[in-house]
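> how does the following fold in three dimensions:
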Amino acid sequence: MEYPHRRYNALTGEWILVSPHRATRPWQGQQEGIADENKPQHDKNCYLCPGNERAGGQKNPDYANTFVFKNDFSALLNDTPEESAEENDLFIAKSEKGICRVICFSPRHDLTIPEMEIEAIEKVIDLWQKEFTDLGNRDFINHVQIFENKGAIMGCSNPHPHGQIWAQSSIPDEVQKECIMQDAYFKKHETPLLLDYLSKELQKEERIVVENDSFVALVPYWATWPFETMILPKRAIQNIGELSDGEKTYFADIYRKLTIKYDNMFNISFPYSAGIHQAPTDGKDHPEWQMHMHFYPPLLRSATVKKFMVGYEMLANAQRDITAEQSAQKLRELALIHYKQQ
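From the prediction side, this is the model:
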């Protein structure tokens, strides 16, 4: 459709307004600065580099691959006492237990995922699996959120390649929406929603960005952000712990290829927030759940023009100008060789 229309998000039950005709309007909004990409391999002032002291006073080991540690300023604490308050159904609060960890992807300060070798990215996935199992097996942990914020524009306070894991007692709202929709679909069709969705997308091909033997990266039909994408496995997988060794390689491969395309979009280190959604760790089987990885980049028309979610988006409904099909085509046509190596 080339005129205003709404698209339904089958994964969350929400709607998005799409306004393709607005993509041609002139833009005179905020221009974001471009971060300096000339970084040293080791920064003596970086609290994530090997051997350096962190803000909390701890010293990092001289790690050679990946490194994980408890966040020195955790948003969640594992010794939080059980407390609650409720008054007139209007003032309700409950304590929340959890664990926050930081994962350094590489000892090198100047590398990001698209510039790392596949073998190095596999080590990141290995660590994700180990942490998911360790945290998810704890009695008070019912959800494990693996995520990465890339770029200062996304609030990343340190350019050293890293991500985080927040594990907690409750299931967060965004994941809860997906729990409800996937469960309802599975009860009706007896197949995972996202597996059926991927099958239809592979038939249509118009929103596929890149694929390999085990994974597909695509722009969701209901995408909100201009160049939003999602990585999906081709078989039923509830959580990252179920990936075989071969699938880990393919996951690393598509993660790298997708982010190379992102960087090649505007020839910069492309910012985004990304995260893996997977089944709850509540000790139950979740055949309705299909593991997937979301990518939410903020850039719109150039390296300096950002998409804002304000006004109508905050008060009424998510809205986008460029269609999902147009975004997918732009990404699909980009090279798989990083612009720094071209």
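
> the residue sitting nearest the centre point of the chain sits in which helix or strand?
The centroid of the chain falls nearest to residue 274 when counting by C-alpha atoms, centre = their mean (1.7 Å). In this structure, residue 274 sits in strand 272-277 according to DSSP states H and E.

> I'd like the average pLDDT over the helix or strand just after that strand.
Going down the chain from strand 272-277, the next helix or strand is strand 292-296, by DSSP H and E. In this model, strand 292-296 carries a mean pLDDT of 98.

> tell me the neighbouring strands of strand 292-296, and mark each as parallel or antiparallel.
Using DSSP bridges, strand 292-296 pairs in its sheet with strand 229-233 (antiparallel), strand 272-277 (antiparallel).

> tell me the mean pLDDT for the last one?
Put plainly, it is strand 272-277. Here the average pLDDT along strand 272-277 is 97.

> quick one: contacts of the strand holding residue 274?
Strand 272-277 has contacts (C-beta atoms under 8 Å, 6 or more residues apart in numbering) with 128, 145-151, 154, 174-175, 178, 240, 262, 291-298. (Each C-beta comes from the backbone N, C-alpha and C, glycine too.)

> what's the helix or strand bottoming out on mean pLDDT in the chain packed up against?
Of all helical and strand segments in the chain, the minimum by mean pLDDT, DSSP states H and E falls on strand 305-306, at a mean of 80. Judged by 3 or more C-beta pairs under 8 Å, 6 or more residues apart in numbering; DSSP states H and E, the packing partners of strand 305-306 are strand 299-302.

> got the contact list for the strand it packs on?
27, 153, 226-227, 265-266, 270-271, 305-307, 322.

> and those residues, which of them are buried?
Taking 16 or more other C-beta atoms under 10 Å as the criterion, what is buried in the contacts of strand 299-302 is 153, 226-227, 265-266, 270-271, 305-307, 322.

> if we can go back for a sec, now distance to residue 89 too, for the strands paired with strand 292-296, in JSON lines please.
JSON lines is the format used below for the strands paired with strand 292-296 (distance: least, C-beta to C-beta, whole Å):
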{"stretch": "strand 229-233", "distance to residue 89": "37"}
{"stretch": "strand 272-277", "distance to residue 89": "30"}
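
> would you mind finding the most buried of those strands?
strand 229-233 (a mean of 24; mean count of other C-beta atoms under 10 Å).

> so after that one, what's the next helix or strand?
helix 245-266.

> identify the residues contacting the closest residue to residue 222 other than its chain neighbours.
Closest residue to residue 222 apart from its sequence neighbours, by C-beta to C-beta, 6 or more residues apart in numbering: residue 9 at 3.8 Å. Shown in contact with residue 9 (C-beta under 8 Å, 6+ apart): 15-16, 220, 222.

> in the residues you listed, find the pair that's most separated.
15 and 220 (13.3 Å; C-beta to C-beta).

> which of those two has more residues huddled nearby?
For residue 15 versus residue 220, neighbours defined as other C-beta atoms under 10 Å are more numerous around residue 220 (23 against 13).

> can you name the residues bridging to the residue lying closest to the more buried one once chain neighbours are set aside?
Spatial nearest neighbour of residue 220, chain neighbours left out: residue 230 (5.2 Å); criterion: C-beta to C-beta, 6+ apart. Beta bridges link residue 230 to residue 218, residue 294 when assigned by DSSP bridges.

> test my guess that residue 230 contacts residue 296.
No. Because the distance of 9.9 Å does not satisfy C-beta atoms under 8 Å, residue 230 is recorded as not touching residue 296.

> mean confidence for the helix or strand harbouring residue 127?
In this structure, residue 127 is located in helix 118-136 according to DSSP H and E. Helix 118-136 carries an average pLDDT of 98.

> just how off-centre is that helix within its chain?
15 Å (C-alpha atoms, centre = their mean, to the nearest Å).

> helices and strands around that helix, which ones?
Using 3+ C-beta pairs under 8 Å, 6+ apart, helix 118-136 sits against strand 98-104, strand 143-150, strand 162-168, helix 245-266.
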